[in-house]
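*Asks:* predicted model and sequence below, questions to follow.
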Number of protein chains: 2
Amino acid sequence: MKIAQRFLLSIRYAHSSNKTENIGFIGIGNMGYPMAQNILKHDKLNKYNLVLSDNSQDVMKQIKKDFDKNRCDVVDTPCQVAEKALQIITMLPDGDCVEEAYLGSNGLIKNLTKNHLCIDSSTISPSTALKISKILKKEKQASFIDAPVSGGVPGAVNATLTFMAGGSDADVKRASAIITPFMGKKLFHCGKEVGSGLSAKLCNNMLLAICMIGTSEALNLGRTLGLDPKVLTDIINESTGKNWCSSSYNPVPGMLSGEYANIPPNLDYAKGFRVSLMCKDLTLGQNIANNKSVYCPLGSVAHQIYKYLNANPDASQKDFAYVYPFISGKLLGRKH
Amino acid sequence: MKIAQRFLLSIRYAHSSNKTENIGFIGIGNMGYPMAQNILKHDKLNKYNLVLSDNSQDVMKQIKKDFDKNRCDVVDTPCQVAEKALQIITMLPDGDCVEEAYLGSNGLIKNLTKNHLCIDSSTISPSTALKISKILKKEKQASFIDAPVSGGVPGAVNATLTFMAGGSDADVKRASAIITPFMGKKLFHCGKEVGSGLSAKLCNNMLLAICMIGTSEALNLGRTLGLDPKVLTDIINESTGKNWCSSSYNPVPGMLSGEYANIPPNLDYAKGFRVSLMCKDLTLGQNIANNKSVYCPLGSVAHQIYKYLNANPDASQKDFAYVYPFISGKLLGRKH
């Protein structure tokens, strides 16, 4: 490389690294709030500022107080976010909210351009994500990827979320520059079609629910047969029944300690991954399975069990391992 | 310790270590045959000889040919085994065979004494094991433990079985002296009551069946949604859905390689842990659960699925991961 070229490149690099870019963030709830904070916290070079929006007036007031005013702009509507930021993250509770934020009367779509990249981290149906991405591409040539997360509120707070992304190589690569350095520890590119990240998440969470219920059934059956649940847990974790729930999130209180001392089952099933959220993910998964005539016998029963638990206002707010006291009959008052 | 005492002890030790003891082995089938061979193979000090018996005349002929005549005695009936050996292992296909071997007209019980220790490695109902142990103790003061295994025929051949034992500390300790050095890599003492080993095994295997079906459902749902099963497998194995089936025995052919290259799903589901055996273990588990009114929603559906597969003569002989082509509809001829 000639010296003149190198000089020009170094000037361009210095220029680009000095220029501040905006990241838009829509949906500043339990997950979005710490995720947005983490962008500012981990962006050591002060390369990015934020443009925030939420449809709750209370949230808007709060974020105006909490976030660094020098680095955050709070705006009223999604379309104003699109006016000010080329990369936009959405983190919303359901598909209707996501459709409204993108396609509604004050939706992002109004101000999107071919230079925009939208990253939707909400957990919604893969087909809704695909539909939105097609409309944005067709009408504005804007890019969209789905990038739902696992890791829950603790993952969002500690920037240890796992992102599962669906979209083109270029779009996912562009998104990764702001995802893993700031908000997560890992990003999986699940497929080139938008919705692939959601599909992977829903498949994983269906399996998670099955393993959680199965582990609860096995440990409860052992209990009624007189086995010490600690001994049975140790045996399972050295055997073919081992799974993430048995080894890292054991649903029987007191089974795990050390690095697992504070898992929700050891804290009266408080916080953690709520029954209501597991129920939502299973509903999305079973809806897809039904639409495509996919046979999911255990996934379907798992869904029924979490629906049943979720219908109880107390149970719906507990961690999803609360299925253990349900399976064991403790919630009803058991005879043994 | 006085010198004279030490001298006497050393003589006694030398004497006892030179004296050969007999181990009885009843049931020289797919599992028992390699287990018995391994006792001779790994007993480097030639401390033990074998007394073998099987109720099949063909097997008797074969073992007379195959086993080292200098170290094996082949006898016709269980009671003759008890006449010649104080430690006796039984490895039989079901509870009726075990009852016959212990309590039948030519059963072990005829010649058992308070010095005998019987180790039953068959997979039967915990209550049958407990019943037999009580009769042996009452009528002959003989000791009995249950010590079923996991690891299948490969584990039996390679002496890498895991034994799950139920019985008193003294009996399990005595048994361990001939179990782990010769036939297995690990022995869990599951509880002091006879039947505890069987309870632990049946709980683990119920969870194993649930994880295998759940993993099959998740990977098949992902496939129909357009996900590459290898990508989804990698994601699950880094996520909360991870379980022994997804990571070490993945039911989709070709997912795992390296040390897992030769798992049955990669070999057209040949050999391995047969559907018929998984079905048997689930039947035992569900019978106990039903007798004790224990709620096992996923265990019950898993049992129904393996019963259905087991009713087909071809499927019943396949490895239990054969549930994947069943779940995916491949066995019926699927439309996608």
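*Replies:* That came in fine, so what should we check first?
*Asks:* nearest residue to the closest residue to chain B within the stretch 1-150 of chain A other than its sequence neighbours?
*Replies:* As assessed by Cβ to the nearest Cβ, chain B sits closest to A:Ser150 within the stretch 1-150 of chain A, at 6.0 Å. From N, CA and C alone the C-beta is placed, and that goes for glycine too. Ranked by Cβ to Cβ, 6 or more residues apart in numbering or on different chains and with sequence neighbours excluded, the top spatial neighbour of A:Ser150 is A:Thr162, at 4.9 Å.
*Asks:* for the one you found, helix, strand, or coil?
*Replies:* Recorded secondary structure, A:Thr162: strand (DSSP: H, G, I helix; E, B strand; the rest coil).
*Asks:* would you confirm that the residue of the stretch 1-150 of chain A closest to chain B contacts B:Thr240?
*Replies:* Yes - using Cβ atoms under 8 Å, A:Ser150 makes contact with B:Thr240 at a distance of 6.5 Å.
*Asks:* contact partners for the residue nearest to A:Ser150?
*Replies:* When contacts are counted by Cβ atoms under 8 Å, 6 or more residues apart in numbering or on different chains, A:Thr162 touches A:Val149, A:Ser150, A:Gly151, A:Gly155, A:Gly184, A:Lys185, A:Lys186, A:Leu187, A:Phe188, B:Glu238, B:Ser239.
*Asks:* of those residues, just the buried ones, ChimeraX syntax please.
*Replies:* The following ChimeraX line selects those of the contacts of A:Thr162 that are buried, judged by 16 or more other Cβ atoms under 10 Å in any protein chain shown:
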select /A:149,150,151,155,184,186,187,188 /B:239
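*Asks:* so which of the contacts of A:Thr162 sits lowest on pLDDT?
*Replies:* Least confident of the contacts of A:Thr162 in the model: A:Gly151, at 88.
*Asks:* residue contacts, A:Ala129?
*Replies:* Neighbouring residues of A:Ala129 by Cβ under 8 Å, 6+ apart: A:Val98, A:Asp120, A:Phe144, A:Asp146, A:Gly166, A:Val194, A:Gly195, A:Leu198.
*Asks:* buried ones in the helix or strand hosting it?
*Replies:* Using DSSP states H and E, A:Ala129 sits within helix A:126-140. Of the residues in helix A:126-140, A:Pro126, A:Ser127, A:Thr128, A:Ala129, A:Leu130, A:Lys131, A:Ile132, A:Ser133, A:Ile135, A:Leu136, A:Lys140 count as buried by neighbour count, 16+ other Cβ under 10 Å.
*Asks:* spatially nearest residue to the last one, not counting backbone neighbours?
*Replies:* Right, A:Lys140. Per Cβ to Cβ, 6+ apart, closest to A:Lys140 is A:Leu112, 4.2 Å.
*Asks:* what about the one you found, how many residues close to it?
*Replies:* Neighbours of A:Leu112 under the rule other Cβ atoms under 10 Å in any protein chain shown: 26.
*Asks:* what's the spacing between it and A:Gln80?
*Replies:* Here A:Leu112 is placed at a distance of 12 Å from A:Gln80 (Cβ to Cβ, to the nearest Å).
*Asks:* please apply the same query to A:Tyr269.
*Replies:* To A:Gln80, A:Tyr269 is 41 Å away according to Cβ to Cβ.
*Asks:* what's the answer for A:Lys137, then?
*Replies:* Here the criterion is Cβ to Cβ. By it, A:Lys137 lies 22 Å from A:Gln80.
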